[in-house]
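1. after the sequence you'll find the predicted model.
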Amino acid sequence: MDFAEKIEKCIAVIKKAPAAGAAFTGAGISVESGIPPFRGAGGLWNKVDPSFIELSRFQREPEACWSKIRELFYNHWDKAEPNRAHILLAEMVRAGYIKGIITQNIDCLHQRAGINHDLVHEFHGTLDALVCLKCSAQYKPERELIEQNLPTCPKCGGVLKPDFVFFSEGIPQEAFECSFQLAMNCSWMLVIGTTGEIMPACEIPRQAKLHGATIIEINPEPSALTGSVTDIYLPGKASVVMDAIAKGLDF
Ligand code: APR
């Protein structure tokens, strides 16, 4: 089946589905917004030791870790804009084709593209909140907080941590439950821009498949899901492939 035939097949799956679908996104969907991925071409972990977001190291050396977190995440995050893929996913939600987004991304670009935050399940947390490790107070990542060498809680002086999941930290309970609930109740799942290597997130497309969903994968490179979980693999950049799918939908 060539690319055009695969697109036709996807559109038929989406239009004929007895119920709405879902999307599962990874770092690849934000690459065209200028946010580097973690693995593969231009991957962050090819250049930087990820231990600065290992929880135990953060607790031992918060100032050193914060310096890397500012440089690699916050300093370019607020310049990033949703790209065509985020915008078209939001259109598909508005048109009723998609009932929820599960994202591994912490960049909030799905919400900035106009998807209601209730419909975006942030499996790895978010850059858009800081939490005090001492009193659990939450704050928005305002410049005057994150620009401190060591961001501390205005209430109790405790160390502030960005509210995304560090290595060896658990997945937020509500995001975990809502994500698997959505995966088990969707007719099809668009899997966009993920290596499919990180547990337990990579179990989400597998659960969707086990519960009868058709898995449609968009990625320039095959992933750990392509040969085993994916039903229709669409090679290419997220914005280009999403454009091709959107052309066949009514919105
Ligand atoms: N469009 C679509 N996919 C793309 C694009 C693009 N323009 N550019 C790259 N990709 C694909 C790559 O081929 C790769 O499969 O995006 C994927 C990026 O892989 P990762 O960086 O590993 O991203 P992800 O799978 O989301 O990582 C999962 O790992 O470090 C943790 O918490 C971090 O949430 C992250 C998790």
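-> Cool, the structure landed.

2. so what's the residue count around Arg57?
-> Neighbour count of Arg57, defined by other C-beta atoms under 10 Å: 18. The way it works is simple: take the backbone N, C-alpha and C, and place the C-beta from them, glycine included.

3. surely it forms part of a strand?
-> No - counting by DSSP: H, G, I helix; E, B strand; the rest coil, Arg57 is not part of a strand but helix.

4. got the confidence number for it?
-> Here the pLDDT value assigned to Arg57 is 98.

5. next one: Pro18
-> At Pro18, pLDDT is 88.

6. over to Gln111?
-> 98.

7. so it makes contact with Val120?
-> Yes - with contact defined as C-beta atoms under 8 Å, Gln111 reaches Val120; the gap is 5.7 Å.

8. more crowded one of those two?
-> Val120 (24 against 20).

9. give me phi/psi at Ile198?
-> phi -100, psi 120 (degrees, to the nearest 10).

10. so what's the nearest residue to it once chain neighbours are set aside up against?
-> Using C-beta to C-beta, 6 or more residues apart in numbering and skipping residues adjacent in sequence, the residue nearest Ile198 is Gln104, 7.0 Å away. Applying C-beta atoms under 8 Å, 6 or more residues apart in numbering, we find Gln104 in contact with Thr25, Gly26, Ala27, Phe123, His124, Thr194, Ile198, Ala201.

11. the fourth one touches Ser179, doesn't it?
-> I take that to be Phe123. Yes - judged on C-beta under 8 Å, Phe123 makes contact with Ser179 at a distance of 5.6 Å.

12. overlap of the contact sets of those two?
-> Common neighbours of Phe123 and Ser179, counting by C-beta under 8 Å, 6+ apart, are Ile102, Ile204.

13. and the contacts of Gln104 as a markdown table, adding distance to the ligand, neighbour count and pLDDT?
-> Shown next, in a markdown table, are the contacts of Gln104 (distance: C-beta to the nearest ligand atom, whole Å; neighbours: other C-beta atoms under 10 Å; pLDDT from 0 to 100):
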| residue | distance to the ligand | neighbour count | pLDDT |
| --- | --- | --- | --- |
| Thr25 | 8 | 26 | 99 |
| Gly26 | 3 | 28 | 98 |
| Ala27 | 3 | 22 | 98 |
| Phe123 | 8 | 24 | 98 |
| His124 | 5 | 18 | 98 |
| Thr194 | 3 | 28 | 98 |
| Ile198 | 4 | 16 | 96 |
| Ala201 | 6 | 21 | 98 |
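
14. in strands, which of the residues you listed appear?
-> Here DSSP state E is the test, and those give Thr25 as lying in strands.

15. how about Ile218, phi and psi?
-> phi -120, psi 120.

16. what does this structure put close to the ligand?
-> Residues of the chain lying close to the ligand (C-beta under 6 Å from any ligand atom) are 26-29, 31-32, 37-40, 43, 104, 124, 193-195, 198, 218-221, 223, 237-238.

17. quick one: distance of stretch 104-122 to the chain centre.
-> Chain-centre distance of stretch 104-122: 8 Å, with C-alpha atoms, centre = their mean, to the nearest Å.

18. should've said stretch 115-132
-> 10 Å.
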